[in-house]
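>>> Predicted model and sequence below, questions to follow.
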Amino acid sequence: MPATAFEIFSIPAFNDNYIWAIRQDSQVYVVDPGCAQSVIQCLESRQLQLQGILVTHWHPDHIGGISALQAYVADSLVDAEPLPVIGPRSDKIPQINQLVGDLDQFTIFPAQNGLNIQVLAIPGHTLDHIAFHAPAVDALFCGDTLFSAGCGRVFEGSYAQMQASLAKLAALSPDTLIYCAHEYTLSNLAFALAVEPKNHELMQRLQTCQSLREQQLATLPNRLANELLTNPFLRCHIPDVADAAVQQGAMSNTALDVFTCLRQWKDNF
């Protein structure tokens with residue numbers, strides 16, 4: 001089935017979350033539904049049927065709506081099969097009924113030829129964090145690991161894990177569209193410009209994104225090719241970025257030391 005048969009759109013939730021929806025005809029899968037009511041309102045207004053849930057990690061703003069959505073589907077469909085909840089092994093997400101791990105593959109919308117999904121383990125933000133990659137539509141659902149012009153905080157994992165996870169994502173096709181879970185672009189770009197004040201691509205991107213936000217439009221998704229030009233956490237090997245990190249106290253100009261310094265700098269920016 002051609003890629004044009006699929007639509008990906010956002011369901012805004014909370015202050016800055018995006019719950020991503022993947023639609024084929026009247027059926028839809030959602031990614032990281034932290035808020036059930038936002039999803040239900042979308043389903044009912046667009047007359048869509050929820051077919052499954054993809055989960056990247058355990059944080060409450062990503063899983064808080066799962067149980068209510070399971071109940072909603074069970075109540076609305078007679079003799080319905082349990083709603084597929086596909087995600088990582090984690091004792092903090094008991095609703096998951098289809099466990100997946102690094103390099104696993106599965107198909108959503110299987111009755112309609114479907115869309116192949118590849119799983120990538122990307123620990124660092126949390127230890128259980130995974131991403132869902134759909135090459136046929138150039139889409140990556142990466143939760144809180146890679147953000148537009150930034151990356152997630154390192155909570156459960158190590159800086160080395162997070163840097164390796166970002167390197168794994170950076171190696172995907174540059175045409176890949178990054179569907180991350182938060183609208184953090186403007187604040188991330190402000191930090192990126194502090195790191196690389198002479199980066200002209202950054203300056204242009206800031207103007208574009210400011211215009212989008214003034215119109216209350218999302219800055220997402222963004223192509224990986226643009227991230228490679230503007231995201232400091234993917235540019236630790238670039239001399240200007242390494243020099244800025246060393247000036248901030250990085251132990252050396254190695255990629256890991258530069259990344260560690262950048263992440264700690266951003267934590268207090």
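Received the coordinates, thanks.

>>> and residue 22, backbone torsions?
phi -110, psi 120 (degrees, to the nearest 10).

>>> for residue 264, that is, sorry about that
According to degrees, to the nearest 10, residue 264 has phi -70, psi -40.

>>> list the buried ones in the strand or helix carrying residue 69?
Using DSSP states H and E, residue 69 sits in helix 66-76. Neighbour-count burial for helix 66-76 flags 66, 69-70, 72-73 (criterion: 16 or more other Cβ atoms under 10 Å). (C-beta placed from N, C-alpha, C; glycine too.)

>>> what are the pairing partners of the following helix or strand past it, and which direction each?
Using DSSP H and E, the next helix or strand after helix 66-76 towards the C-terminus is strand 85-87. With DSSP bridges as the test, strand 85-87 is paired with strand 49-54 (parallel), strand 98-99 (parallel).

>>> can you list those in JSON lines and add mean neighbour count?
Below are the strands paired with strand 85-87 laid out as JSON lines (neighbours: other Cβ atoms under 10 Å):
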{"stretch": "strand 49-54", "mean neighbour count": "21"}
{"stretch": "strand 98-99", "mean neighbour count": "14"}
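
>>> of those, which approaches residue 36 most closely?
strand 49-54 (10.3 Å; Cβ to Cβ).

>>> Give me the angle between that closest one and helix 66-76.
Here the directions of strand 49-54 and helix 66-76 differ by 150 degrees (axes from the mean of the first three to the mean of the last three Cα atoms, to 10 degrees).

>>> re the thing from before, with only the CA atoms kept, save the helix holding residue 69 in CSV.
Only the C-alpha atoms of helix 66-76 are listed here, as CSV (Å, rounded to 0.1, in the frame of the first residue of the first chain):
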residue,chain,number,x,y,z
ILE,A,66,-3.8,4.2,28.4
SER,A,67,-6.2,2.5,30.9
ALA,A,68,-9.0,4.9,30.1
LEU,A,69,-8.5,4.3,26.4
GLN,A,70,-8.6,0.6,26.9
ALA,A,71,-11.9,1.0,28.8
TYR,A,72,-13.3,3.3,26.2
VAL,A,73,-12.6,0.7,23.4
ALA,A,74,-14.0,-2.1,25.5
ASP,A,75,-17.2,-0.2,26.2
SER,A,76,-17.7,0.9,22.6
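
>>> what's the burial count for residue 123?
Other residues within reach of residue 123 by the criterion other Cβ atoms under 10 Å amount to 21.

>>> Is it in a helix, a strand, or coil?
Classification of residue 123 using DSSP: H, G, I helix; E, B strand; the rest coil returns coil.

>>> Now do the same contact list for it.
129, 156-157, 161-162, 165 (Cβ atoms under 8 Å, 6 or more residues apart in numbering).
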